[in-house]
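[1] sequence and predicted structure are below.
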Amino acid sequence: MEGKDYYKLLEVPRNASQDDIKKAHRKLARKHHPDINPGSKSSEEKFKEIQEAYDVLSDVDKRKKYDQYGDMWQRMQQQPPAGSTGGAGGFAGGSPFGSQDSASGINFDDFLEKMFGNKGRRGASGFDTGTSSAPAEDVEFSIDISLEDAYKGVSQRISVAVEDVCPECGGVGQKKNARGQFDLNRGLCNRCRGQGRISSPRSGQVTIPAGSWEGIRLKLAGQGAADAAGSKGDLYVLLHVLPHPKLERDGQDIYFDVAIPYTVAALGGEVTVETLDAKKRQLIVPPGIQTGQKMRLTGQGMPALRDRKLGDSYARVKITVPRDLNETERTLLQELANIRHDPVRAAAPKAGGEQQL
């Protein structure tokens, strides 16, 4: 198989971990398995190439030589034992899997052991059973919460489906014979239909702590995907905090707009605001405040959580001007404008009239 890129064949980067290589091989080998693609010569050839690539990359010493010498790596190997050349598989220097299966040219003892762990030797009609090496896996699941729920903390019930290793076939995807052995001639496992995995429900209560933020991960131990023996990984709940129609969040701080009448902004006064705890509070407005300035409510932001300290709330000033002045108000404002020498109109334009510029 000189000249071919083993990493490309397994669809992994050159810095892939051994676990990543194993997972990629399991996925591709199952996809191109001759029993799943009966009569397909292309799948059979692809299957053989995947097997050879995995044989090299799953072996630390072989992989090191391959990474160092590239296409010349095989010449750095020791000569194979006498009688190991040739064979039905068509590989240069003989099959990399030892003795070969008469039907496909591949030693399925070695294949199953490398793919699924301790499977033992095959008998006359199939493969001995054993504990699958397909591991219990962690699963991540996302839920939406409101900003109010993130502020106060809630307990929420979740339901999710995870992909457990099929306990019937141990992740192999094949049927067993009467002796409890995996038999490639009997077809696909009835329970998982050859997928090696089955969908299983998980449900329970997840406690969302007060002060939670976007992207925080909460762990539910032992609720992840199970291996064939029933051992389970963990379930991680990823929080997505929905946008709030009036409030914005920056870390543990909260920002919101507050409308202030122009008279209060000019003379100073008070304004009522409502914070995330649904309580109303009075803010002192200093005279002469301008649009865009912020007034802080200390300690009224998101609660402290983990390494984040208690936040504050900030009211952003938006000065409002009335559109419905009566004659008294207009007269008083006109007098004020005259005192300040502000360039205002002497009289309001008529309704529907054109303004002269």
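    Now that the structure is in, tell me what you want to look at.
[2] got a list of what the closest residue to Thr291 other than its chain neighbours touches?
    With sequence-adjacent residues excluded and distances taken as Cβ to Cβ, 6 or more residues apart in numbering, Thr291 is closest to Ile319, at 4.8 Å. Backbone N, C-alpha and C define where each C-beta goes, glycine included. Residues in contact with Ile319 (Cβ atoms under 8 Å, 6 or more residues apart in numbering) are 259-262, 265, 289-291.
[3] which helix or strand contains Ile319?
    strand 313-320 (DSSP states H and E).
[4] in that strand, which residues are buried?
    313-315, 317, 319 (16 or more other Cβ atoms under 10 Å).
[5] give me the beta-bridge partners of the most centrally placed residue in the chain?
    Nearest to the geometric centre of the chain sits Glu140, at 6.2 Å (Cα atoms, centre = their mean). Judged by DSSP bridges, the bridge partners of Glu140 are Tyr236.
[6] distance of it relative to Lys22?
    21 Å (Cβ to Cβ, to the nearest Å).
[7] tally of neighbours for the closest residue to Lys152 other than its chain neighbours?
    Nearest residue to Lys152, sequence neighbours excluded (Cβ to Cβ, 6+ apart): Ala210, at 5.7 Å. By other Cβ atoms under 10 Å, 14 other residues sit near Ala210.
[8] and Ala210, what does it touch?
    Taking Cβ under 8 Å, 6+ apart, one finds 150-153, 303, 305 in contact with Ala210.
[9] my guess is Ala266 contacts Gln290. True?
    No - Ala266 is beyond contact range of Gln290, at 10.4 Å (criterion: Cβ atoms under 8 Å).
[10] more neighbours: which of the two?
    More crowded of Ala266 and Gln290, by other Cβ under 10 Å: Ala266, with 15 against 8.
[11] show me what the helix or strand harbouring that one is packed up against.
    In this structure, Ala266 sits in helix 262-267 according to DSSP H and E. When contacts are defined as 3 or more Cβ pairs under 8 Å, 6 or more residues apart in numbering; DSSP states H and E, helix 262-267 packs onto strand 269-274, strand 313-320.
[12] nearest to Leu218, out of those?
    Between Leu218 and the helices and strands packed on helix 262-267, the tightest spacing by Cβ to Cβ is seen for strand 313-320, at 25.3 Å.
[13] same list, the helices and strands packed on helix 262-267, but as CSV with distance to Leu188 please.
    As requested, these are exported to CSV (distance: least, Cβ to Cβ, whole Å):
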stretch, distance to Leu188
strand 269-274, 61
strand 313-320, 60
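[14] Ala29 should be in a helix, yeah?
    Yes - secondary structure of Ala29 (DSSP: H, G, I helix; E, B strand; the rest coil): part of a helix.
[15] that one contacts Ala53, doesn't it?
    No - at 10.4 Å, Ala29 and Ala53 do not qualify as touching, with contact defined as Cβ under 8 Å.
[16] those two - which one has more neighbours?
    More crowded of Ala29 and Ala53, by other Cβ under 10 Å: Ala53, with 25 against 21.
[17] buried set for the helix holding Ala266?
    Going by 16+ other Cβ under 10 Å, helix 262-267 has these buried residues: 264-265.
[18] quick one on the thing from earlier: just the contacts of Ile319 now: which is nearest Leu333?
    The closest of the contacts of Ile319, once distances to Leu333 are taken by Cβ to Cβ, is Tyr262, at 9.7 Å.
[19] for the closest one, list the residues it contacts.
    Listed by Cβ under 8 Å, 6+ apart, the contact set of Tyr262 reads 319-322.
[20] now these in TSV, with distance to Ile254?
    Shown next, in TSV, are the contacts of Tyr262 (distance: Cβ to Cβ, whole Å):
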residue	distance to Ile254
Ile319	21
Thr320	22
Val321	27
Pro322	29
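[21] from these, pick the one nearest Pro167.
    Nearest member of these to Pro167, counting by Cβ to Cβ, is Thr320, at 67.1 Å.
[22] so the closest residue to the closest one other than its chain neighbours bridges to which residues?
    Nearest residue to Thr320 in three dimensions, chain neighbours excluded: Ala259, at 4.9 Å (Cβ to Cβ, 6+ apart). Ala259 has the following beta-bridge partners by DSSP bridges: Lys318.
[23] I'd say Ala259 and Arg316 touch.
    No - at 10.3 Å, Ala259 and Arg316 do not qualify as touching, with contact defined as Cβ under 8 Å.
[24] okay, now the unreliable bits of the chain?
    1-3, 35-36, 71-134, 180, 182-184, 346-357 (pLDDT under 70).
[25] pop the domain breakdown of it in here.
    Following automatic domain parsing, one gets these domains for the chain: 6-116, 139-241, 248-340.
[26] one step back: now the residue nearest to the centre of the chain: how far from Gln223?
    Relative to Gln223, and taking Cβ to Cβ, Glu140 is found at 11 Å.
[27] and for Asp234?
    For Asp234, the distance to Gln223 - Cβ to Cβ - is 7 Å.
[28] enumerate every residue touching the closest residue to Gly268 other than its chain neighbours.
    Residue nearest to Gly268 in three dimensions, not counting chain neighbours: Pro287, with 3.4 Å by Cβ to Cβ, 6+ apart. Listed by Cβ under 8 Å, 6+ apart, the contact set of Pro287 reads 266-268.
[29] go again with 10 Å.
    By Cβ atoms under 10 Å, 6 or more residues apart in numbering, the contact set of Pro287 is 264-269.
[30] cool, and Gly251?
    213, 301-302, 308-309, 311.
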